[in-house]
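A.B. asks: build me a structure from this.
(3 chains)
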Amino acid sequence: MKRSLISAAMIAAGLLFAAPLLLMAIASFKSEAEVLKPTQLLPTEWKLDNYQAVLENSIEAPVLTWFVNSVFVSSATTLLVIAVSSLAAFSFSRLRPSGSGPVLNLVVGAMMVPGQLFLIPVYVLLSRFALIDTPWALILPAAAGGFGVFMLTQFMRSMPVAIEEAALIDGCSLMQMFWRVTLPLSSPAVATLAIFTFIGSWNDYITPMVYMESVRNYTLPVGIALFQSSYSTQYGLTIATSLLSTLPLLILFLIFQKQIIESMTASGLKD
Amino acid sequence: MTLRAGAFNVHTLLAIFAGLALAAGAARSQLVGSAIGGEKTRLSFWNGFTGPDGIVMLDIIEDFNRANPDIEVTMQRIPWATYYNKLTVAGADQRGPQVFVVHSDALARIRRAGFIADIRDIFDRGDVPAGDFRPSVLKEVSFGEARLGVPLDIHPQGMFVNREMLSAAGLKGPNGEPRAPRDKEEFLQAMSAMTQEAGGELPEKQWGFALTFWGNNLRSLIPQFGGRYLDEEGRAVLDSEENIAALEFLASLAKESRVPPPDNGLGWFGFRTARVGMVWEGIYMLGDLIRVQDVDYIGAPIPQIGPKPGTLANSHLLCVREGLSEKERRAAEAFIAFLSQESLRWAAAGQVPARTSVQQSAEFKGLQVQSAFAEQLDTMMYQPRTPIIFELGLELDRAAERAIRGLAEPREALQEAHRNIEAVLERDRREHPEEQQ
Amino acid sequence: MSWALRRKLVGWACMAPYLAFFLVFIVVPIIVSAWLALVQLDLANVGASRFVGLQNFQDAFADQFFWMAAGATLQYVVLFVPSVIVVGMVLGLGMHAMRRGREAVRALVYLPSMLNVAAAGILWQWFFNNEFGLFNSLLKRAGLPAVPWLTEAALAMPSICLMSLWWTVGGTAVLVLAGLQQIPRMYFEAAALDGATSTGVFRLITLPLLKPVLLFIFVTTTIASFQMFGQAMILTGGGPAFATRGMVQFMYETAFNGFRFGYGASISWLLFAGILAFSLIQARVLRSQMEA
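C.D. replies: Just a heads-up that it's a prediction; the model follows:
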């Protein structure tokens, strides 16, 4: 009895959390005048005008370009992070060359330094390498994060070595062993890292804001923030744009919500 | 707490991300497209025209590129909020744009970075006739004999008035048409006449006047009271009686509830939705207003509140980077001359052109809002040329906000701003001993 | 080549790509940042750069904007961290008590975390709008006066916290739930057999066993809250009257809009010191509580 009461309350709470997104979706189909009347739940006429206006206004707000930039940056970041982190974790957990212990400690210790400290010096470096205002300014620094190395090292350490040893006895080289055995066996942790990295990169706001210059190189979050600042008074438009920017992740979430939540839990992600 | 093994193949996962990155990379090069090759001289032109004004500018650039097949100008828009940091860093790194826009009040600050070229020859050769600018406007680009840019436009603050609501004010022009208030008395009277409580046809309260960007509202009044920011020796004079009088007027409007309460947030938005009858804003807001269909408006000078007329002015200056090749430099100057000539089109986006010949053209006079704002050209005042302009702006905005919100008396707010600016000036002297003669 | 040597070489070779990134984007920046904090580096006048020792830190302590930013950050931390933990706990416990539908509720609660800060901010700006926002429209309908959510200095930060809570508490709730699910069932069953009350179970079993997870949430949320940036940028831009301009925004604006990179770097070190001090105190207090 009490349990069903709790269940009902929790379902209500869950709906309350999702409600703003629903309102957002509905509002994006309203006319500008009706957006300003939020107590009227449904539009009298469902209109695609806002979406049409956003997509047609590619000079002021090149949403498609921002979307492509976001896909490029997030995918390339994910790929690079997985590549360098898994190789390093393979070394830290399996090959363990002498001296690697203190190095791992250093890497993990550096994770304690809050991200804001890097904003200025990394900017100075990127500007020296002429990478400011290129997607690489968002991709390359991300590969230095210690989280992936730490998590994959932990995971690989917890794996039994028997299969890998058998592979070596069968004549595999070390690198073949990594590619054919260790990496596939680590796939749960790799997937976790991939989800974590992709979402983090997709939603990143401060880095592109600081490292990107031209509007055409923006990713979606800074793009829609710009859009909001120049169309601050047209809520229908800005809401449609922000919804477009979140749609890919929302769709992914609907399909893979279990995996995504479990990955985020595993990584203990906080915004 | 990780995913189950065997649910998928890690190689497939990597292939998916690689595929996505490649596809997006290919699409990117199509969309963003870095134009390479050819014999063209390529110019990058930076500005902060991220709104409808940017579309007009792109249009002009397209025409320039068509008329000059050997030059290709590409425009890069960066929101003003971050523009100067991006421009300065890029310029200091020698990778900045060949041509760029600097606001006249920011020039003294950006000049310090040392990448703005002297383009006096563009005037000397007569490509852009110096005589076609007001001395007060030309002065903004002049440092000694050097000319650090070409003024493209002048954007004074002025008054936007809702024509329909204006009729309630009862002010009549020569032909009996409603006209905007011109002095303090008319202004206050119109403000009250246009303010109406909700009820009947009116679902919400309508306001005669609303403050918008408080700092600029204050800057628009300071010249009317004869106020200044810095004196001839560069000392701060923010707490002068003149400045205090200007701020007191604004604060009194809020205190006497003649304008929407400060927390209400009805400013420009209120005007745009026909719930506020008059606002003081920059002429550049016209671009936003053009997007609104159901508001009928006119432009007018800021009413004379103080002892004399006046308003705040600013200009977009077209500048060239130091260290260009001879070819680039020539192309850049040709481009600037073209923009200057085409400034009537630019004016349509919500600007007063800097060239007096264009201001006097019949076409310009046909632009009601622009030409009404242009009536203030004789009395407008630029902000001072000082390297601490950003700090000064911050302090002035804050003083205005505190006084209008009633958190401090206008005198007290300006005195505090004054003290802070003195400290900033002191720090600037300490940090830049090379500039002290 | 001997096996051991090959293994060693391959080992370092595998580490090399990551270490290169680590060196360039972690180690070098920390050194550069430390150096920057001690110099006067005006990007708009690089020629005038020089070593100034601790002058930047002195400037910060004398700068009222610094103290305003520190106050705003502290206000956010103090408001946000306890609320996110309490709400996260309640949601986590609630979900744990559900027999069916737990995964659906978990997904719904977590959904907002998928939004980027700009989208979430734009959405809430619309809710908070004084004139036609959802909240004030509802208040108006209920015959209550409108609330200036974002435009009054005293209310703006709590409003930002409200949005942040909606946006991120799902992650906390999910962590709490995961922590609860790791507590062996038999503990609860044994307590039920002993006739323990539900408050007794919570106090004697749930809370102590959940403490490691809570400690983790506490520390990570605090560190993240000290660096709050996007929410204020989108919702208020740091206003009104700088009431919501936190340390990161202050650092960003000083360095990038004011061109004072050296001063900006010194602010980021001061923030780091603040975070470190806070985390150490927190960890010590919590640990002593756990041992008690």
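A.B. asks: how about the residues of the stretch 101-250 of chain C that lie near chain B?
C.D. replies: C:129-131, C:148, C:150-153, C:178, C:239-242 (CB under 8 Å from any CB of the partner chain). Where you see a C-beta, it was placed from the backbone N, CA and C, and this is true even at glycine.
A.B. asks: reformat these as a markdown table; add neighbour count and secondary structure.
C.D. replies: Formatted as a markdown table, those follow (neighbours: other CB atoms under 10 Å in any protein chain shown; DSSP: H, G, I helix; E, B strand; the rest coil):
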| residue | neighbour count | secondary structure |
| --- | --- | --- |
| C:N129 | 22 | coil |
| C:N130 | 21 | coil |
| C:E131 | 18 | coil |
| C:P148 | 21 | coil |
| C:L150 | 27 | coil |
| C:T151 | 21 | coil |
| C:E152 | 18 | coil |
| C:A153 | 18 | helix |
| C:A178 | 19 | helix |
| C:G239 | 18 | coil |
| C:P240 | 22 | coil |
| C:A241 | 17 | coil |
| C:F242 | 23 | coil |
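A.B. asks: from those residues, pick the one nearest chain B.
C.D. replies: Chain B has its nearest neighbour among these in C:P148, at 3.5 Å by CB to the nearest CB.
A.B. asks: list the contacts for that closest one?
C.D. replies: B:263-265, C:130, C:155 (CB atoms under 8 Å, 6 or more residues apart in numbering or on different chains).
A.B. asks: do the strand or helix carrying C:V81 and chain B meet?
C.D. replies: If you go by DSSP states H and E, C:V81 is part of helix C:64-97. Yes. Helix C:64-97 is in contact with chain B by CB under 8 Å from any CB, via C:64-65.
A.B. asks: which parts of that helix are buried?
C.D. replies: C:65-66, C:68-77, C:79-81, C:83-85, C:87-97 (16 or more other CB atoms under 10 Å in any protein chain shown).
A.B. asks: list the contacts of the helix or strand following it.
C.D. replies: Per DSSP H and E, the first helix or strand lying C-terminal to helix C:64-97 is helix C:102-110. The contact list for helix C:102-110 (CB under 8 Å, 6+ apart) reads A:10-11, A:13-15, A:17-18, A:253, A:257-258, A:261, A:264, C:91, C:94-96, C:98, C:169-171, C:173-174, C:177.
A.B. asks: those in helices, which ones?
C.D. replies: A:10-11, A:13-15, A:17-18, A:253, A:257-258, A:261, A:264, C:91, C:94-96, C:169-171, C:173-174, C:177 (DSSP state H).
A.B. asks: show me which of these are buried.
C.D. replies: Here, 16+ other CB under 10 Å leaves A:10-11, A:13-14, A:17-18, A:253, A:257, A:261, A:264, C:91, C:94-96, C:169-171, C:173-174, C:177 buried among these.
A.B. asks: what's the first-to-last distance across stretch A:211-228?
C.D. replies: 20 Å (CA to CA, to the nearest Å).
A.B. asks: now swap in stretch B:194-206 and tell me
C.D. replies: 7 Å.
A.B. asks: who's in contact with that stretch?
C.D. replies: So stretch B:194-206 is contacted by B:162, B:165-166, B:168-169, B:207-209, B:258, B:275-278, C:131 (CB under 8 Å, 6+ apart).
A.B. asks: so where do the helices sit in the stretch 101-250 of chain C?
C.D. replies: All helices of the stretch 101-250 of chain C, identified by DSSP state H, counting those that start in this stretch, fall at C:102-110, C:117-128, C:134-141, C:153-182, C:185-193, C:198-201, C:207-226, C:230-235, C:247-252.
A.B. asks: before we move on, back to that, which ones, among the buried residues of helix C:64-97, also lie beside chain A?
C.D. replies: Answer for the buried residues of helix C:64-97 near chain A (CB under 8 Å from any CB): C:91, C:94-95, C:97.
A.B. asks: which of those residues lies closest to C:F218?
C.D. replies: Ranked by distance to C:F218 (CB to CB), these are led by C:L91 at 16.2 Å.
A.B. asks: extract the C-alpha trace of stretch A:10-30 and format it as CSV.
C.D. replies: Provided in CSV are the C-alpha atoms of stretch A:10-30 (Å, rounded to 0.1, in the frame of the first residue of the first chain):
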residue,chain,number,x,y,z
MET,A,10,7.9,8.9,-8.0
ILE,A,11,6.1,8.6,-11.3
ALA,A,12,4.7,12.1,-10.7
ALA,A,13,8.2,13.4,-9.9
GLY,A,14,9.6,11.8,-13.0
LEU,A,15,6.9,13.4,-15.2
LEU,A,16,7.6,16.8,-13.5
PHE,A,17,11.2,16.5,-14.5
ALA,A,18,10.3,15.7,-18.1
ALA,A,19,7.5,18.3,-18.3
PRO,A,20,9.8,21.3,-19.2
LEU,A,21,11.1,19.4,-22.2
LEU,A,22,7.6,18.6,-23.3
LEU,A,23,6.5,22.2,-22.9
MET,A,24,9.6,23.2,-24.9
ALA,A,25,8.7,20.8,-27.7
ILE,A,26,5.1,22.1,-27.8
ALA,A,27,6.1,25.7,-27.7
SER,A,28,8.3,25.2,-30.7
PHE,A,29,5.2,24.6,-32.7
LYS,A,30,3.4,27.6,-31.5
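A.B. asks: please state the offset of it from the chain centre?
C.D. replies: The chain centroid and the centroid of stretch A:10-30 are separated by 23 Å under CA atoms, centre = their mean, to the nearest Å.
A.B. asks: quick check: the residue nearest to B:S192 when sequence neighbours are not counted vs A:S100, distance?
C.D. replies: Nearest residue to B:S192, sequence neighbours excluded (CB to CB, 6 or more residues apart in numbering or on different chains): B:G208, at 6.3 Å. Per CB to CB, to the nearest Å, B:G208 is found 74 Å from A:S100.
A.B. asks: what about these two, which has more around it?
C.D. replies: B:G208 (25 against 18; other CB atoms under 10 Å in any protein chain shown).
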